[in-house]
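**Student:** Output the structure for:
(chains A and B)
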Amino acid sequence: AQRVTQPEKLLSVFKGAPVELKCNYSYSGSPELFWYVQYSRQRLQLLLRHISRESIKGFTADLNKGETSFHLKKPFAQEEDSAMYYCALSGTSGFQKLVFGTGTRLLVSP
Amino acid sequence: DTAVSQTPKYLVTQMGNDKSIKCEQNLGHDTMYWYKQDSKKFLKIMFSYNNKELIINETVPNRFSPKSPDKAHLNLHINSLELGDSAVYFCASSGHSGNTIYFGEGSWLTVV
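**Tutor:** Model prediction:
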């Protein structure tokens, strides 16, 4: 079964502090992992996906197959990073659905 | 140039009514989805269509009926609305299953 776990409902940090949003997954095959961001009352937007191995808005995420994790990191948080962050997983063969974690609200205070 | 658009954005209706939410995508994608985001911000897939065919149907009450007249449209019709149906409903699309999914802005449904 596909499952995505985000253990923190809320992560509150000060501006300039490092941020790590945790994500662990469960999947029997080779999954594709994503991070989506939802700013207040807006649509979900793709932040990054593991196969791209790129940094978006200063965020990075590395897929660790041994620990089945895909944590999202940023060295210096900004106030505009405040949003809901969702980790998501999809299979890579056939028709697959995107399964989301429960989301973590990141609050960056000045 | 909205890629995935859904209407209405806000909908307030009484229990027992029937309502529809429409979704259109202009990305040329083959696959479309409906997701539900509840009051706790949990996101869960409801349906997925590929080339107008239903491919994913999660455990959703029969009161919810998706309809895809063509691969650019996926509408959601809800019969006999209940208080628990209050949520934000997101339409989405993707080019191939498993590829990046693009979301609409959401439709805020409030049942009173």
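
**Student:** Where does the prediction get shaky in the chain?
**Tutor:** Because you didn't say which chain, this covers chain A. Under the criterion pLDDT under 70, the flagged ranges of chain A are A:92-96.

**Student:** wrong chain, I was asking about chain B
**Tutor:** In chain B (pLDDT under 70), the answer is B:1-2, B:96-99.

**Student:** Who are the contact partners of the residue nearest the centre of it?
**Tutor:** Residue closest to the average C-alpha location in chain B (C-alpha atoms, centre = their mean): B:W34, at 3.3 Å. Counting by C-beta atoms under 8 Å, 6 or more residues apart in numbering or on different chains, B:W34 touches B:C23, B:I45, B:M46, B:F47, B:S48, B:P66, B:L74, B:L76, B:Y89, B:F90, B:C91, B:A92. For glycine as for every other residue, the C-beta is placed from the backbone atoms N, C-alpha and C.

**Student:** cool, and B:Q6?
**Tutor:** Here B:Q6 is in contact with B:I21, B:K22, B:C23, B:E24, B:Y89, B:F90, B:C91, B:G104, B:E105, B:G106, B:S107 (C-beta under 8 Å, 6+ apart).

**Student:** Excluding its own residues, what touches whichever strand or helix holds the third one? List them.
**Tutor:** Yep, that's B:C23 we're talking about. Taking DSSP states H and E as the criterion, B:C23 maps to strand B:19-25. The contact list for strand B:19-25, computed with C-beta under 8 Å, 6+ apart, reads B:3-8, B:11, B:13, B:32, B:34, B:72-78, B:81, B:89, B:91, B:93, B:102, B:104, B:107, B:109.

**Student:** Now, those residues that are in helices?
**Tutor:** Nothing among the contacts of strand B:19-25 maps onto helices, per DSSP state H.

**Student:** Quick one, which of those are buried?
**Tutor:** B:4, B:6-7, B:11, B:13, B:32, B:34, B:72-76, B:78, B:81, B:89, B:91, B:93, B:102, B:104, B:107, B:109 (16 or more other C-beta atoms under 10 Å in any protein chain shown).

**Student:** Of the contacts of strand B:19-25, which belong to strands?
**Tutor:** With strands taken from DSSP state E, the overlap with these comprises B:4-7, B:11, B:13, B:32, B:34, B:73-78, B:89, B:91, B:93, B:102, B:107, B:109.

**Student:** What parts of chain B come near chain A?
**Tutor:** For chain B, the residues in contact with chain A (C-beta under 8 Å from any C-beta of the partner chain) are B:4, B:31, B:33, B:35, B:40-45, B:48, B:50, B:55-56, B:90, B:97-98, B:100-106.
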